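Novice: Here's my sequence, what's the structure:
(one chain, ligands or ions: 1)
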Amino acid sequence: MNEMDDPFSRDQMRIDVARRMVCHQARTQTITHYTNLTRNRLATLRRRWSVSQDTRRRGPPPRSIAIFLRTPRARSEAAALATMCINFDALPIRFLAGGADARPPLVAAARYCETFEAYRACVPDSKIEFEEMLLLTYELAKGELVKLSTCTGCNAAILLLTCEKPRRICSHCDR
Ligand SMILES: [Zn+2]
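Specialist: So this is what the prediction gives:
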C-alpha cells in the first residue's frame, strides 16, 4: 500500500504539504484546493503552527505573466525556475476539460513545494513567490503565452513570449 492509499498517511501528507505551503505564503484558497483541507482545519493548523497573520497573502492569486518579464533579472529568474520545474517534474503534463490540471492535487502540491524549496536554496533573494511559480508552470505547460528556450550566445535558459519576435539571447549576452 502506498502512502496515498492509506487514509492516515494521506492525512499526514496533507498536513505536511499544507505546512510547507503556509511557509511559502500560499493563499488559503490555494492551500485548501491542493490539500483538500477545510478552511476551518487550516485555520486551526495555522494557530497551532503560530503563523503570524502579517505573513499571509490575501486577495486573488497572481494571474499575469507580466511579473516574470518586468526586468532582465525577473526574466532570468523565471527561466531558472522554469528549468527546475521541468527537472523536478513539477509541470502539469495533461489538462482535463476546462483546463484543470489532471494530476492528483496533493501529489502536484508536494512537487511544487520540493521545487520551490530547492529553487529558494539556490536563489534565496529571488522575488518570485510560490503562487507565481504555480502560474509559471501552468503557462509553460499550456505554451500559449510563454515558452522556454535557450540563449544562442551562452546556452542559458531563457523565457520567450510567444507573441513577441523571438530574440533568443539572454540579458547577460545582450549587454
Ligand atoms: Zn546568453
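
Novice: nearest residue to Ile15 other than its sequence neighbours?
Specialist: In space, Ile15 comes closest to Leu45 once its chain neighbours are excluded; the distance is 6.7 Å by CB to CB, 6 or more residues apart in numbering. For the C-beta atoms, the positions are set from N, CA and C on the backbone; glycine is no exception.

Novice: tell me which element the one you found falls in.
Specialist: According to DSSP states H and E, Leu45 maps onto helix 39-48.

Novice: Would you mark the buried spots in that helix?
Specialist: Buried residues in helix 39-48, counting neighbours by 16 or more other CB atoms under 10 Å, are found at Leu42, Leu45, Arg46.

Novice: Show the pLDDT at the last one.
Specialist: Read it as Arg46. Here, the pLDDT recorded for Arg46 equals 94.

Novice: hang on, it packs against Val22?
Specialist: Yes - in this structure Arg46 lies within contact range of Val22 using CB atoms under 8 Å: 6.4 Å.

Novice: so how far is Leu45 from Ala157?
Specialist: 36 Å (CB to CB, to the nearest Å).

Novice: Need phi/psi at Lys147.
Specialist: phi -140, psi 160 (degrees, to the nearest 10).

Novice: With adjacent residues omitted, what lies nearest to it?
Specialist: Spatially, and ignoring its direct neighbours in sequence, Lys147 is nearest to Leu160 (5.4 Å; CB to CB, 6+ apart).

Novice: Check Pro61 too.
Specialist: Nearest non-adjacent residue to Pro61 (CB to CB, 6+ apart): Glu131, at 4.7 Å.

Novice: what's the answer for Asp89, then?
Specialist: Computed as CB to CB, 6+ apart, the closest residue to Asp89 that is not its neighbour in sequence is Arg111, at 6.2 Å.
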